[in-house]
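Visitor: no sequence on this one, just coordinates:
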């Protein structure tokens, strides 16, 4: 399955950067997600949202997080073995709004080979979700399990 | 809008605990969420999942997080003003599986009235998402913006 451009632990260096594709957010998506997972008035009702801390309809922070994951999975963070998070920290410095076009800029900030499991390591990545205007709507720090490149005397069977 | 049992900053104490309703997770929900937000083989393809770190189909961690939010919003954490997160830390100690019935147990672990904004404060809540068997599938630490109870000499106009 692994395409040639998927990166193993051995391929990563601190400071390495990645940029995702874009995703346009609209009111329909915001409403659908909030109805299912975060049914609060400031995500669903324009009048209630205008009177809230947000001053208008805002996407659920978990929606922004889920969209960020999609952008990372779909090429924004091309790690071999996929994106498997052990834990994350998430901040939402400002609301995500209908009409925002989001992309994610990621940077490797730490790499730790596992002592107990030589075939993998833990990589910490900071991913910033930004609007087309460069506004930071989410800051994500994720600890990811990343496999080492398989090594074999018979590399043909390990392709 | 605020029902009488919604809690303001003034009503909260460290150590206060809450328990949500339950949500049953099935393979259809896992597939629908993963297709939209986390299209990785270990969330979608039983054979690939069996061969992965997870050893079988697992829900996206972001799906577990979104379901946790729903359970908190729908009575699991009855805060006045709704649940507005400034930032969170999330860990997934074990995968969430098809058939798991989840609930959330929350505890207030810190309360800080705002110095600059006397009408609100920041409350830190630890929310554990558990299966019916008591397995911990998610640990969430959330910093939430919580309003103070409105005080007015004319309380009728402030209801």
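Guide: Arrived safely, thanks for sending. Being a predicted model, the structure only gives us computed values, none of them experimental.

Visitor: Do you have the helices of chain A handy? List them.
Guide: Per DSSP state H, chain A carries helices over the ranges A:27-37, A:41-44, A:46-50, A:61-71.

Visitor: for the third one, what is the average pLDDT?
Guide: To tie it back to what came earlier, the one meant is helix A:46-50. Mean pLDDT, computed over helix A:46-50, is 93.

Visitor: And it, what does it pack against?
Guide: Helices and strands in packing contact with helix A:46-50 are listed as helix A:41-44; criterion 3 or more Cβ pairs under 8 Å, 6 or more residues apart in numbering or on different chains; DSSP states H and E. Yep, even glycine has a C-beta here, placed from its N, CA and C like the rest.

Visitor: which residues touch the helix it packs on?
Guide: When contacts are taken as Cβ atoms under 8 Å, 6 or more residues apart in numbering or on different chains, the neighbours of helix A:41-44 outside the stretch itself are A:30-31, A:33-35, A:48-49, A:52-54, A:57-60, B:1, B:82, B:84.

Visitor: I'd like to know which of the helices of chain A lies nearest to residue B:22.
Guide: Closest approach to residue B:22 among these is made by helix A:27-37 (15.7 Å; Cβ to Cβ).

Visitor: Between helix B:27-37 and the closest one, find me the angle.
Guide: Interaxial angle, helix A:27-37 versus helix B:27-37 (axes from the mean of the first three to the mean of the last three Cα atoms, to 10 degrees): 150 degrees.

Visitor: Wondering if helix A:27-37 reaches chain B at all.
Guide: Yes: part of helix A:27-37 sits close enough to chain B to count as contact by Cβ under 8 Å from any Cβ of the partner chain, namely A:33, A:36-37.

Visitor: Just send the helices of chain A back as JSON lines, with mean neighbour count too.
Guide: Formatted as JSON lines, these follow (neighbours: other Cβ atoms under 10 Å in any protein chain shown):
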{"stretch": "helix A:27-37", "mean neighbour count": "17"}
{"stretch": "helix A:41-44", "mean neighbour count": "20"}
{"stretch": "helix A:46-50", "mean neighbour count": "14"}
{"stretch": "helix A:61-71", "mean neighbour count": "25"}
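
Visitor: Let me have those helices in TSV, adding distance to residue B:22 as columns.
Guide: Converted to TSV, the helices of chain A look like this (distance: least, Cβ to Cβ, whole Å):
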stretch	distance to residue B:22
helix A:27-37	16
helix A:41-44	23
helix A:46-50	28
helix A:61-71	19
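
Visitor: What is the nearest of the residues of helix A:27-37 next to chain B to chain B?
Guide: The shortest separation between chain B and any of the residues of helix A:27-37 next to chain B is 3.9 Å, and it belongs to residue A:37 (by Cβ to the nearest Cβ).

Visitor: how about the residue lying closest to the closest one once chain neighbours are set aside, what does it touch?
Guide: With sequence-adjacent residues excluded and distances taken as Cβ to Cβ, 6 or more residues apart in numbering or on different chains, residue A:37 is closest to residue B:66, at 3.9 Å. With contact set as Cβ under 8 Å, 6+ apart, residue B:66 has these partners: A:33, A:36-38, A:60, A:62, A:66, B:33.

Visitor: Isn't residue A:139 up against residue A:91?
Guide: Yes: the pair residue A:139 / residue A:91 is scored as a contact, 4.6 Å apart, by Cβ atoms under 8 Å.

Visitor: Around chain B, which positions in chain A sit nearby?
Guide: Taking Cβ under 8 Å from any Cβ as the criterion, the neighbours of chain B within chain A are A:1, A:33, A:36-42, A:48, A:52-53, A:60-62, A:65-67, A:69-70, A:73-74, A:81-92, A:145.

Visitor: what's the closest of the contacts of residue B:66 to residue A:18?
Guide: Comparing these against residue A:18 with Cβ to Cβ picks out residue A:66 as the nearest, at 18.7 Å.

Visitor: Give me the distance between the closest one and residue A:23.
Guide: Taking Cβ to Cβ, to the nearest Å as the measure, residue A:66 and residue A:23 are separated by 11 Å.

Visitor: Likewise for residue A:35?
Guide: With distances taken as Cβ to Cβ, residue A:35 is found 19 Å from residue A:23.

Visitor: repeat for residue A:36
Guide: Taking Cβ to Cβ as the measure, residue A:36 falls 18 Å from residue A:23.

Visitor: quick one: the strands in chain A?
Guide: Assigned by DSSP state E, the strands in chain A fall at A:17-24, A:85-91, A:101-113, A:120-130, A:136-147.

Visitor: For residue B:9, which of these is the nearest?
Guide: Ranking the strands of chain A by proximity to residue B:9 (Cβ to Cβ) places strand A:85-91 first, at 21.1 Å.
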